[in-house]
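Visitor: predicted model follows, preceded by the sequence.
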Amino acid sequence: MIYAKPCFGNYISFLAALVVGASSCVGHVSYFALTSSTLGEVFSMLGDGNTVVIAITFHLRNSL
């Protein structure tokens, strides 16, 4: 948000950064939900995509 601070000041640049961060979080959560439910359909041990196995799998994938 380099352009927001000189143009609009501290408050608007903070809000712009907050919106970017929030939308990134929503995007990651929706990606996780879509991928885990798809993997749950392919591999029966993963269940509906909301099991402990899928959570550990995604945690390990993100740690690498």
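Guide: Okay, I see it. The shown structure was predicted, so the numbers you read here are calculated from the model rather than taken from an experiment.
Visitor: host element of residue 27?
Guide: helix 10-42 (DSSP states H and E).
Visitor: gap between the helix or strand following that helix and the chain center?
Guide: Later in the chain than helix 10-42, the nearest helix or strand by DSSP H and E is helix 52-63. Mean C-alpha position of helix 52-63 versus that of the full chain (CA atoms, centre = their mean, to the nearest Å) differs by 13 Å.
Visitor: now do stretch 44-58
Guide: Centre-to-centre, stretch 44-58 and its host chain are 17 Å apart (CA atoms, centre = their mean).
Visitor: grab the most central residue of this protein for me.
Guide: In the chain, the C-alpha nearest the mean C-alpha coordinate belongs to residue 28, at 1.5 Å (CA atoms, centre = their mean).
Visitor: gap between it and residue 37?
Guide: Distance check for residue 28 against residue 37: by CB to CB, to the nearest Å, it reads 15 Å. C-beta here means a position set from N, CA and C on the backbone, and glycine is covered the same way.
Visitor: in terms of secondary structure, what does the helix or strand of the chain with the lowest mean pLDDT contact?
Guide: The weakest-scoring helix or strand in the chain, judged by mean pLDDT, DSSP states H and E, is helix 52-63 (a mean of 73). Where contact means 3 or more CB pairs under 8 Å, 6 or more residues apart in numbering; DSSP states H and E, helix 52-63 is packed against helix 10-42.
Visitor: report the buried residues of the helix it packs on.
Guide: 13, 36, 39, 40 (16 or more other CB atoms under 10 Å).
Visitor: any buried residues in the least confident helix or strand of the chain, and which?
Guide: Buried-residue list, helix 52-63, by 16+ other CB under 10 Å: 54, 57.
Visitor: now what about that helix, what contacts it?
Guide: Helix 52-63 is contacted by residues 32, 35, 36, 39, 40, 45, 46, 47 when judged by CB atoms under 8 Å, 6 or more residues apart in numbering.
Visitor: quick check: the two most widely separated of these?
Guide: 32 and 45 (17.9 Å; CB to CB).
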